[in-house]
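Undergrad: My questions are about this predicted structure, shown below with the sequence.
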Amino acid sequence: MAKRDPKRNPSRPARPSRPSRPRPAAPGESAGRRQHSSHGPRANTKRASLPPRKSKNKNKPTELPQPELTLGELLHPPFRIGHGYDLHRLEPLAPAGSGRPFILGGVLIDPAGTFGRGPVAHSDGDVLLHAITDALLGAIGQHDIGQLFPDNAPENDGRDSADFLLEAVRRVHAAGYRVGNLDCTVILEKPKLSPHKSSIRGKLASWLAVPEAMVNLKGKTHEKVDAVGESRAVEAHVVVLLIRSVA
Ligand SMILES: [Zn+2]
């Protein structure tokens, strides 16, 4: 072994002290010390450099800056985000089916009944208001719409979904937040949403106590595929941002 070293490192003179250095690295031995003392094969250098790297990684978590947050700030952050989703089956309007009049975002979107189908629900079946309600409740970490307003409770039969939304808004305010903005996507094949967008946004802004500019509403089709695309269902996705209203 001693003869190999000068061939691999011709520029380094062989030192008499080399054979006396034991090869296994001591756990606490530093990289610098190992490199200085090792003038043999590269394997020695690699072996010597591993322990210090490990110790650096171990130290990393303690080197990270610790956030200086009070318990109040941790439990009451300046912003909270919530996501809501809902889907309702669409059926022919009663008495031919179980469909209710098609209300979406608090607006009757098929007033003449030409589409002829509506959401099946215990309440009025407003898929958008249900998704917004769940987004608000989710943002403050409270239950969901089904827990607050069970779909087997007689008082919720045919109930105006604005009641659910307003209760969620009340809870948001009670938790020390206000609505910042929300982004909604409604997916349905028919009827067209565009003629009703403005009035829906106006209602939402009023219920949520925000300017209309903070309420975005997008309508999409499902390209005629699956239940939504075949007008057998309607669905809504909502993301909402809450802003802390108290210090
Ligand atoms: Zn629903």
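TA: Happy to help now that I have it.
Undergrad: low-confidence ranges in the chain?
TA: Within the chain, the stretches with pLDDT under 70 are 1-63, 247.
Undergrad: Residue numbers of it in contact with the ion?
TA: Applying CB under 5 Å from the ion, we find that the chain lies next to the ion at Asp86, His130. In this view, the C-beta of every residue, glycine as well, is placed from N, C-alpha and C.
Undergrad: at 6 Å what do you get?
TA: Asp86, His88, Ala121, Val127, His130 (CB under 6 Å from the ion).
Undergrad: of all of the protein, which residue lies closest to the ion?
TA: His130 (3.4 Å; CB to the ion).
Undergrad: pretty sure that residue is touching Ala236, no?
TA: Yes - counting by CB atoms under 8 Å, Ala236 is a contact partner of His130 at 7.4 Å.
Undergrad: where do the contact lists of these two overlap?
TA: Shared contacts of His130 and Ala236 (CB atoms under 8 Å, 6 or more residues apart in numbering): Gly84, Asp86.
Undergrad: Tell me where the protein has strands.
TA: 79-92, 103-104, 107-108, 117-119, 177-187, 215-220, 233-244 (DSSP state E).
Undergrad: Packing partners of the last one?
TA: Contact analysis of strand 233-244 by 3 or more CB pairs under 8 Å, 6 or more residues apart in numbering; DSSP states H and E lists strand 79-92, helix 127-139, strand 177-187, helix 226-229 as its packing neighbours.
Undergrad: what about it, distance to the chain center?
TA: Averaged C-alpha coordinates place strand 233-244 at 11 Å from its chain's average position (CA atoms, centre = their mean, to the nearest Å).
Undergrad: for it, which positions count as buried?
TA: Buried residues in strand 233-244, counting neighbours by 16 or more other CB atoms under 10 Å, are found at Ala233, Val234, Glu235, Ala236, His237, Val238, Val239, Val240, Leu241, Leu242, Arg244.
Undergrad: between those, which is nearest Ile200?
TA: Ala236 (11.2 Å; CB to CB).
Undergrad: got a list of what the closest one touches?
TA: With CB under 8 Å, 6+ apart, Ala236 has these contacts: Gly84, Tyr85, Asp86, Leu87, Val127, Leu128, His130, Ala131, Cys184, Thr185, Val186, Ile187.
Undergrad: who does the fourth one bridge with?
TA: Counting by DSSP bridges, Leu87 is bridged to Glu235.
Undergrad: Could you double-check that it lies in contact with His237?
TA: No - if you go by CB under 8 Å, Leu87 and His237 don't touch, sitting 9.9 Å apart.
Undergrad: got the contact list for the residue nearest to Val239 when sequence neighbours are not counted?
TA: What sits nearest to Val239 in space, not counting adjacent residues and going by CB to CB, 6 or more residues apart in numbering, is Asp183, at 5.1 Å. Counting by CB under 8 Å, 6+ apart, Asp183 touches Asn216, Lys218, Val238, Val239, Val240.
Undergrad: how far does stretch 69-83 sit from the chain's center?
TA: Taking mean C-alpha positions (CA atoms, centre = their mean), stretch 69-83 and its chain are 15 Å apart.
Undergrad: Would you map out the domains in this structure?
TA: Taking automatic domain parsing as the reference, the chain has its domains at 4-63, 78-244.
Undergrad: Go through the ones you listed and pick out the most buried.
TA: Greatest average neighbour count among the domains of the chain goes to domain 78-244 (a mean of 18), per mean count of other CB atoms under 10 Å.
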